[in-house]
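Colleague: Following is a predicted model, sequence given first.
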Amino acid sequence: MRLLQRPLSVLITNLSSLLLPLLSSPTFLSPAAPTVQSPNPNATQAHALSVARFAGELSDCLDELEVEVNLDPRGDGLKIFKDGLSSVTSRVMTPLLGGLKTELQKHLRALESVNPASPPAGPIKPVNGNRLGASHHPSIATLQALMPIYAKAVKTYTAPKSMQSALATFLISSVWVALVALSHRPTMPRSRSNSASAASGASAGAFKKRLGGASITPPPTPPSSRFTMKLPGSRPPSPSHVASPNTVADARVVNELLGQLPKPTATDDASRIAHEAVDEAFEALGALTALLGAVDSTSEVREDLDLELLTEDLPVLIAMPVLLRWSGHGEPQVIPAMLGIDEHEYREGCLSGFGRAEECETMIAQRMVDILNNDATEDLKTKMVFKYLEE
């Protein structure tokens, strides 16, 4: 291997020189992601990918030698070369994967809308042998056409071992976007104002301060202060259909479509952890599908409905909007008004990812417990949601 281009630093320098004009070319990210019309990389992308794949394969070969790259008494260890090869790989793969991630998540976010701006371009094809009807969201048709192309591209972009962590991040963030969109989809167009009254300025300010605004790195231990908040004098009656059949069906299909994407291969401790994290994210998506189906099929309250079991694999902030709507407390968009904060602040500060949602859930669940406790009612659904949040 050292005879290929000796020393290896010369090889890395030559690879970097090859990439420089390719990465600076305007065609490198045009298109940013493969499309149905252009499923394959263009000439610039293909050239850059060939360089990156070579660097990735060489780096993987060094891993297979099973030598300690960090310790070398002669001072010519392989760690610096492995890092250089990984850098060459990531300079190509990371922006391509990022462009694909942006396009995929754009379609996933669109699933939250009940009135899409444009209809599907054509009939929705079957997924796993199941024909999709017109009741599905138009974005499902787009994803159905794009997902095989995306899966092939993601497999190419993340083939080197050094990209397995990036693959896990890509999958987890995409699943999270789908969870937020499907759990927060209203049952009707957002033409009316929120039914919940706004909190007082002092209470809202205190709550914002404790949430840490839109910060992604809040204090490790959220405060346990209780907040008081009253619902309006009368809340709307429980709707007869609390989760649209479209949402339940869309959740099932999205789960199947995202399942077509490659997952990290558990070859060592680091990749094993990444693989487990991805599995947990997909378990949450499956749990949301089950929860939506359970509350949608429950036109009348069943006392044997085990909310704790249904939400076992779900983040509280994903289950909460579904359960609040089911218990008749309004659409998911009333939650920021109940908390006394702006919806954008709530989404950026609390719904930016699994980790952030977990850090905020104790505060928000406690706040909702206070709200439901102040809403004196004998409604069984409200009692069940209250018990779930309290526990």
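Modeller: Done, it's in. From a predicted model like this one, the values you see are computed outputs, not experimental measurements.

Colleague: Show me what the helix or strand harbouring Ser9 is packed against.
Modeller: Here Ser9 is covered by helix 8-24, with elements defined by DSSP states H and E. Based on contacts counted as 3 or more CB pairs under 8 Å, 6 or more residues apart in numbering; DSSP states H and E, the elements that helix 8-24 packs against are helix 43-64, helix 79-110. For glycine as for every other residue, the C-beta is placed from the backbone atoms N, C-alpha and C.

Colleague: Please compute how far it lies from its chain's middle.
Modeller: Between the centre of helix 8-24 and the centre of its host chain there is 34 Å, according to CA atoms, centre = their mean, to the nearest Å.

Colleague: How about residues contacting it?
Modeller: Around helix 8-24, the neighbours that count as contacts under CB atoms under 8 Å, 6 or more residues apart in numbering are 1-2, 4-5, 28, 44, 47-48, 51-52, 54-55, 58, 78, 80-81, 84-85, 88, 91-92, 95.

Colleague: quick one: contacts for Thr44?
Modeller: With contacts defined as CB under 8 Å, 6+ apart, Thr44 is in contact with Leu22, Ser25, Thr27, Phe28.

Colleague: what's the burial count for Lys79?
Modeller: 13 (other CB atoms under 10 Å).

Colleague: gap between it and Gly355?
Modeller: Using CB to CB, to the nearest Å, one gets 30 Å for the distance from Lys79 to Gly355.

Colleague: Where does pLDDT dip in this protein?
Modeller: Along the chain, segments meeting pLDDT under 70 span 1-6, 66-77, 115-134, 188-245, 297-304, 375-377.

Colleague: Would you map the helices across it?
Modeller: Ranges of helices in the chain, per DSSP state H, are 8-24, 43-64, 79-110, 138-157, 164-183, 201-211, 245-258, 269-296, 307-310, 316-326, 335-339, 343-350, 354-374, 380-390.

Colleague: Can you mark which positions in the first one are buried?
Modeller: The neighbour-count check on helix 8-24 (16 or more other CB atoms under 10 Å) flags Leu8, Leu11, Ile12, Leu15, Ser16, Leu18, Leu19, Leu22, Leu23 as buried.

Colleague: and the angle from that helix to helix 79-110?
Modeller: When axes from the mean of the first three to the mean of the last three CA atoms, to 10 degrees is applied, the directions of helix 8-24 and helix 79-110 differ by 30 degrees.

Colleague: closest one to Pro34 among the helices of the chain?
Modeller: If you check each of those against Pro34 by CB to CB, helix 138-157 wins as the nearest, at 4.9 Å.

Colleague: Residues in contact with stretch 104-111: which ones?
Modeller: For stretch 104-111, the external contacting residues (CB under 8 Å, 6+ apart) are 33, 116, 137, 139-140, 142-143, 146, 150, 173-174, 177-178, 181-182, 185, 250, 254.

Colleague: go with 10 Å
Modeller: 33, 116-118, 136-143, 146-147, 150, 154, 170, 173-182, 184-185, 246-247, 250-251, 254, 257-258, 261 (CB atoms under 10 Å, 6 or more residues apart in numbering).

Colleague: Buried members of the residues you listed into ChimeraX, please.
Modeller: Applying 16+ other CB under 10 Å to these, the buried members can be selected in ChimeraX as follows:
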select :33,136,137,138,139,140,141,142,143,146,147,150,154,170,173,174,175,176,177,178,179,180,181,182,184,185,246,247,250,251,254,257,258,261
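
Colleague: can you tell me how far the residue lying closest to Ala168 once chain neighbours are set aside sits from Thr265?
Modeller: Across the structure, with CB to CB, 6 or more residues apart in numbering as the measure, the residue nearest Ala168 apart from its sequence neighbours is Ala274 (3.7 Å). Computed with CB to CB, the distance linking Ala274 and Thr265 is 9 Å.

Colleague: more neighbours, the two?
Modeller: With other CB under 10 Å as the criterion, Ala274 and Thr265 differ in neighbour count, and Ala274 comes out ahead with 23 against 14.

Colleague: tell me the contacts of the more buried one?
Modeller: Applying CB under 10 Å, 6+ apart to Ala274 gives the contacts 164-169, 171-172, 263-266, 268.

Colleague: cutoff 8 Å now
Modeller: With the criterion set at CB under 8 Å, 6+ apart, Ala274 makes contact with Gln164, Ser165, Leu167, Ala168, Pro264.

Colleague: Show me which of those are buried.
Modeller: Applying a neighbour-count criterion of 16+ other CB under 10 Å, the buried members of the contacts of Ala274 are Gln164, Leu167, Ala168, Pro264.

Colleague: what's the last one in contact with, if anything?
Modeller: If I follow you right, that is Pro264. Each residue near Pro264 by CB under 8 Å, 6+ apart is listed here: Gln164, Ser165, Leu167, Ala168, Ser271, Ala274, His275, Val278.

Colleague: which non-adjacent residue is nearest the third one?
Modeller: Looking back up the chat, that one is Leu167. Counting by CB to CB, 6+ apart, Thr158 is the residue found nearest to Leu167 once chain neighbours are left out, at 3.9 Å.
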